[in-house]
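> return a 3D structure for these sequence lines:
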Amino acid sequence: MNKQELLEELESNKDKCLKEAKKYEVLSWDRQIVDSKALVYMQVINWVERLDEKQKVTVPKFVATWINQCKEKATLADCLDGCYEISNGEVVSSEDFQNWVVDNENDELTAKAWMFGYEVEKEPNFIVKVGNLYLIEPLGDTSDSTIRTTWNHKNAYEFTSYDIAQTHANKFGGEVEEVK
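Below is the predicted model of the structure:
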C-alpha cells in the first residue's frame, strides 16, 4: 500500500463515520462516539499528508533577500556562489551572503531554503536603560525635548537597530539591552 492508497482508505473510513453519524440524534452518546472516530480519521489523514513535507529552515534576513533575488534572475548554483551575471554583463553579488555561506559552511542550508522554503530569523530588538529606568520613546531631534521613561522594561521602546539604541544610550550614559 502506498501513501495515496492509504489516504484513500482513510478518507473512505472517515466518510463512513460521517454517514453513520447522521443516523443518531445530535447529542446522543452513539453520535458522539462516531463523530470522535471521524475526527481521529481526519487527524490521521492530516499526519499522513504531512509525512513527506520537508521542514523549512531558518535563515537570516539578508540570506532570504539574496535567495529571492536569485530565484528571479539566477540559478541555485549562482546563488550558492554569491554572484550571478545579468544580461548586460554586469555581475550582481552579495558580499554578506558570500561571507555567511563560507564562514559558516551554510551551503546545504541555503540549498534546502531554495528547494523547500524557509523562515526568516527574528532579528533582535534592543531597549535603552538609563540607571534603573527605560526609555519609552526615541529622543526627538531637539535638545529641549522631554525624556519619557518607565520602570517597567516591558513598556520600553524597542529599537530594531543596535547602533541607534547605542546612540540614544550614549546621550545619557545609559546602556543597551537585547530584548529577550
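
> where does pLDDT dip in the chain?
Along the chain, segments meeting pLDDT under 70 span 53, 141-145.

> what are the boundaries of the helices in the protein?
3-21, 29-50, 61-73, 76-81, 95-103, 107-116, 162-172 (DSSP state H).

> of these, which approaches T149 most closely?
helix 162-172 (9.6 Å; C-beta to C-beta). The C-beta positions use only the backbone N, C-alpha and C, and glycine is treated the same way.

> in that closest one, what's buried?
Neighbour counts using 16 or more other C-beta atoms under 10 Å place 165, 168-169, 172 of helix 162-172 among the buried residues.

> find the centremost residue of the chain, please.
When C-alpha atoms, centre = their mean is applied to the chain, the residue found nearest the centroid is E119 (3.7 Å).

> quick one: that residue from E49, how far?
To E49, E119 is 20 Å away according to C-beta to C-beta, to the nearest Å.

> what does K122 give?
Distance from K122 to E49, by C-beta to C-beta: 28 Å.

> between those two, tell me which one has more neighbours.
Per other C-beta atoms under 10 Å, whichever of K122 and E49 has more neighbours is E49, with 12 against 8.

> contacting residues around the closest residue to Q69 other than its chain neighbours?
Distances taken as C-beta to C-beta, 6 or more residues apart in numbering place V92 nearest to Q69, at 7.5 Å, with adjacent residues excluded. By C-beta atoms under 8 Å, 6 or more residues apart in numbering, the contact list for V92 reads 69, 73-74, 83-86.

> among those, which ones are in strands?
Judged by DSSP state E, the contacts of V92 include 83-85 as members of strands.

> among those, which one has the most neighbours?
Y84 (18 neighbours).

> report the beta-bridge partner residues of that residue.
Legend: beta-bridge partners of Y84 under DSSP bridges are V92.

> quick check: of the contacts of V92, which lies closest to A21?
For the contacts of V92, the minimum distance to A21 (C-beta to C-beta) is 52.1 Å, reached by Q69.

> how far away is the residue nearest to Q69 from T167?
For V92, the distance to T167 - C-beta to C-beta - is 32 Å.

> what of V63?
27 Å.

> before we move on, what about L76?
From L76 to T167 the distance is 40 Å (C-beta to C-beta).

> same deal with L133?
18 Å.

> for stretch 134-152, measure first residue to last.
7 Å (C-alpha to C-alpha, to the nearest Å).
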